[in-house]
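Chemist: here you go, sequence then predicted model.
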Amino acid sequence: MRTGSEPTTARSALRARFWLSVWGLVWATFGTVVFVLVGQPGWAAACGVLWLVIAVDLAVIVRHIRQGPHYQPGRDVPPYWPPE
């Protein structure tokens with residue numbers, strides 16, 4: 001049932017975001033190393049910046065996962081009640 005309050009009460013699939021961030025971190029590291037070895041400093045810097053952004057996002061995701069069921073609810077946590 002849609003209540004219209006979904007944007008304020010939405011929950012994120014943090015475990016999926018975690019694994020997608022790990023995948024992105026691996027590829028950004030790979031890209032940085034390859035572009036350094038090939039001699040493309042611009043692309044290596046771009047991959048390095050991307051790596052930094054992914055690492056910060058990963059830290060935020062891990063922090064939210066560790067904060068407990070408010071951010072990562074299980075099947076036993078009921079959905080939020082819509083605001084009145």
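Modeler: Ah, there it is.

Chemist: poorly predicted segments of the chain, please.
Modeler: Filtered on pLDDT under 70, the chain yields the residue ranges 1-12, 68-75, 77-84.

Chemist: how about 90 then?
Modeler: Counting by pLDDT under 90, the ranges of the chain that qualify are 1-15, 64-84.

Chemist: is Asp57 in contact with Phe18, as I believe?
Modeler: No. Asp57 is not in contact with Phe18 according to CB atoms under 8 Å; the separation is 9.7 Å. The way it works is simple: take the backbone N, C-alpha and C, and place the C-beta from them, glycine included.

Chemist: what helices and strands are in contact with the helix or strand hosting Ala46?
Modeler: Remark: Ala46 resides in helix 41-66, with elements defined by DSSP states H and E. The criterion is 3 or more CB pairs under 8 Å, 6 or more residues apart in numbering; DSSP states H and E, and the helices and strands that helix 41-66 contacts are helix 14-38.

Chemist: show me what the helix it packs on is in contact with.
Modeler: Outside helix 14-38, the residues within contact range by CB atoms under 8 Å, 6 or more residues apart in numbering are 41, 43-44, 47-48, 50-51, 54-55, 57-58, 61-62, 64-65, 71-72.

Chemist: filter those to the buried ones?
Modeler: With burial judged by 16 or more other CB atoms under 10 Å, the buried subset of those is 44, 47-48, 50-51, 54, 57-58, 61, 64, 72.

Chemist: can you lay out these as JSON lines showing distance to Gly31?
Modeler: Formatted as JSON lines, the entries for the buried ones among the contacts of helix 14-38 read as follows, by distance: CB to CB, whole Å:
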{"residue": "Ala44", "distance to Gly31": "8"}
{"residue": "Cys47", "distance to Gly31": "4"}
{"residue": "Gly48", "distance to Gly31": "9"}
{"residue": "Leu50", "distance to Gly31": "8"}
{"residue": "Trp51", "distance to Gly31": "8"}
{"residue": "Ile54", "distance to Gly31": "11"}
{"residue": "Asp57", "distance to Gly31": "17"}
{"residue": "Leu58", "distance to Gly31": "17"}
{"residue": "Ile61", "distance to Gly31": "21"}
{"residue": "His64", "distance to Gly31": "27"}
{"residue": "Gln72", "distance to Gly31": "30"}
